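Chemist: sharing a model that was predicted from the sequence below.
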Amino acid sequence: MRSPQNDDVIPVILGTELPWRQGATVGLAVQDQWDSQVTVPISVAEDGTSRMAAPLPAPVMVNGELAAHADLEWQVDVHWQPGHTVRRRGLDSRELFADQPPLMLTWARSSRYGVTYGSRRYDLVRGGARPENALARVALRHLSLAAWVRAKAAEHDLSALPSEAGRRASLLASMLGGRRRYIDLFGGPLLPALRAMLATSAKTKEAYPNGDGVSLSSTEGVLTFAGIYARVADMKLADVRELADAALRAGVLRRGMVLRCAACEQKQFQTVEKLSQRWSCVRCNALNDLDRHAWKLPADEPTWYYDLHPVGRHMLSEHGEVPALLSAYLRKQRKGQRGMFDDLEEVAILRGNQPQVEVDLVAYTDDVLTVAECKTPGELTGKKGRQEVLKKCRAAAWLRADRLLFATTAEEWTQATRVMVENAVASFSEWGPLGSPQVEFVARLGRADTET
């Protein structure tokens with residue numbers, strides 16, 4: 001299409017290409033009570049869900065002309081500050097109340113900016129009651145992403161729990177002081193050094209040819225600080241030291257020495273907390289002197305080494321850092337933009353005790369809900385691959401996701417995988433009235449040239 005005034009092409013955007021996927025609504029607001037602020041006490045659960053400890057005041061009309069109509073009903077919008085919960089998407093009304101009473105006083109729905117509830121009470125209101133006593137006074141809750149996913153799954157008689165990998169990620173995040181710090185560590189510049197602590201050989205000279213690490217076994221190794229710094233790209237030494245110190249304070253990294261027991265000759269890592277002039281072997285419990293026989297080289301003084309917490313090792317050995325890399329990438333894409341970002345990784349959805357699907361990452365940003373699958377390498381093939389894609393489609397349909405994202409650390413997704421995924425999504429028969437979510441592919445996660 002061309003403009004009649006000039007030859008510039010005017011782009012035509014179809015409804016299906018618009019960035020929002022929810023139906024439009026129109027509302028009228030009472031100017032006198034628009035943007036009123038109310039303070040109520042709240043409690044915050046471990047998963048981040050906020051719950052009102054007292055009900056909101058009755059939504060009494062202050063406009064005299066409107067208040068004169070005794071049979072008038074209206075809707076009350078409640079916007080939490082700050083707001084982070086998933087909006088709209090038809091959440092069960094009961095999930096929005098602080099308590100779930102058997103008899104509902106009114107109804108509520110998840111709306112564009114928060115929660116909307118009906119002004120009138122629907123239970124027994126005695127005749128002659130004052131007008132404000134016929135109005136609902138509700139206590140609400142503001143769901144975290146984890147609580148929202150559980151509530152949405154419950155609508156389909158399902159339960160949503162952290163998978164084994166999710167529990168490990170949650171533990172590490174708790175140790176570090178929150179998910180954001182977890183992402184900064186396992187999806188940030190120290191990741192190559194953390195990966196290097198998964199030794200590739202029991203022989204130190206093969207695993208660490210530059211002499212900046214020691215193999216404790218064929219799969220476990222420790223690094224010197226020089227070894228950590230050598231594996232971090234484009235950072236000042238002081239900045240790397242600061243990142244390492246933060247991980248040490250959290251207990252995710254541990255500083256110590258590599259020593260050999262004089263009795264059983266077991267090579268082992270001893271944390272600084274356990275070191276003294278007389279130290280105990282972790283294998284045979286024999287007492288040893290902290291002398292050159294224990295550390296061998298260098299001849300003058302022992303070397304400090306850095307070890308990764310066993311939970312972190314387990315997570316990396318199963319490529320559990322890939323969802324963290326995707327989270328870091330999605331956060332980076334929003335750099336400079338306002339609005340919230342929240343995500344949840346490694347969610348298992350079950351029917352009874354039977355696992356239905358595991359979702360590597362659920363992300364919510366700017367009212368876009370993403371269900372993501374993370375792979376290394378980048379390939380989904382054959383009947384098994386198609387079944388895996390259909391499981392992700394089912395999870396996306398249950399959660400009413402806007403985007404299905406497939407991410408990999410590999411160089412690229414194969415063309416065969418792209419075609420198979422797109423065909424599986426197109427043929428899936430359980431999408432809602434808005435149709436299938438947008439499908440995207442991300443490759444080269446964790447690199448500067450990550451691409452969508």
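Modeler: Perfect, I can see it now. Residues are numbered from 1 along each chain as shown.
Chemist: the closest residue to residue 428 other than its chain neighbours: which element?
Modeler: Leaving out its chain neighbours, the residue that sits closest to residue 428 by C-beta to C-beta, 6 or more residues apart in numbering is residue 393, at 4.3 Å. Every residue, glycine included, has its C-beta placed from N, CA and C. Using DSSP states H and E, residue 393 sits in helix 382-399.
Chemist: list the buried ones in that helix?
Modeler: Neighbour counts using 16 or more other C-beta atoms under 10 Å place 385-386, 388-399 of helix 382-399 among the buried residues.
Chemist: pLDDT on stretch 125-135, on average?
Modeler: For stretch 125-135, mean pLDDT rounds to 79.
Chemist: same question for stretch 97-106.
Modeler: 82.
Chemist: what does stretch 39-55 give?
Modeler: For stretch 39-55, mean pLDDT rounds to 92.
Chemist: related to what we said a few turns ago, and the gap between the residue nearest to residue 428 and residue 421?
Modeler: 10 Å (C-beta to C-beta, to the nearest Å).
Chemist: can you give me the helices in the stretch 151-300 of the chain?
Modeler: 164-176, 179-186, 191-196, 204-207, 225-230, 237-250, 292-295 (DSSP state H, counting those that start in this stretch).
Chemist: give me the residues contacting the second one.
Modeler: Outside of helix 179-186, the residues within contact range by C-beta atoms under 8 Å, 6 or more residues apart in numbering are 169, 172-173, 176, 191, 194, 243, 246-247, 250, 252, 312, 315-316, 320-321, 324-325, 327-328, 331, 343.
Chemist: returning to that earlier point: so which other helices or strands are in contact with the helix holding residue 393?
Modeler: helix 145-154, strand 354-365, strand 368-375, strand 403-408, helix 415-427 (3 or more C-beta pairs under 8 Å, 6 or more residues apart in numbering; DSSP states H and E).
Chemist: centre of the chain versus that helix, how much separation?
Modeler: 20 Å (C-alpha atoms, centre = their mean, to the nearest Å).
Chemist: how about stretch 112-122?
Modeler: 29 Å.
Chemist: pull stretch 156-175 out as PDB, backbone CA atoms only.
Modeler: Taking C-alpha atoms only, stretch 156-175 is exported to PDB below (Å, rounded to 0.1, in the frame of the first residue of the first chain):
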ATOM      1  CA  HIS A 156      -6.300 -28.800  34.400                       C
ATOM      2  CA  ASP A 157      -6.100 -31.100  37.400                       C
ATOM      3  CA  LEU A 158      -2.300 -30.900  37.200                       C
ATOM      4  CA  SER A 159       0.400 -30.100  39.700                       C
ATOM      5  CA  ALA A 160       3.500 -28.100  38.900                       C
ATOM      6  CA  LEU A 161       6.600 -28.700  41.000                       C
ATOM      7  CA  PRO A 162      10.300 -28.000  40.700                       C
ATOM      8  CA  SER A 163      12.100 -30.900  38.900                       C
ATOM      9  CA  GLU A 164      15.200 -32.400  40.300                       C
ATOM     10  CA  ALA A 165      17.200 -29.900  38.300                       C
ATOM     11  CA  GLY A 166      14.900 -27.200  39.500                       C
ATOM     12  CA  ARG A 167      15.500 -28.000  43.100                       C
ATOM     13  CA  ARG A 168      19.300 -27.800  42.500                       C
ATOM     14  CA  ALA A 169      18.900 -24.500  40.800                       C
ATOM     15  CA  SER A 170      16.700 -23.200  43.700                       C
ATOM     16  CA  LEU A 171      19.200 -24.300  46.300                       C
ATOM     17  CA  LEU A 172      22.100 -22.600  44.500                       C
ATOM     18  CA  ALA A 173      19.900 -19.400  44.100                       C
ATOM     19  CA  SER A 174      19.100 -19.500  47.800                       C
ATOM     20  CA  MET A 175      22.800 -19.800  48.700                       C
END
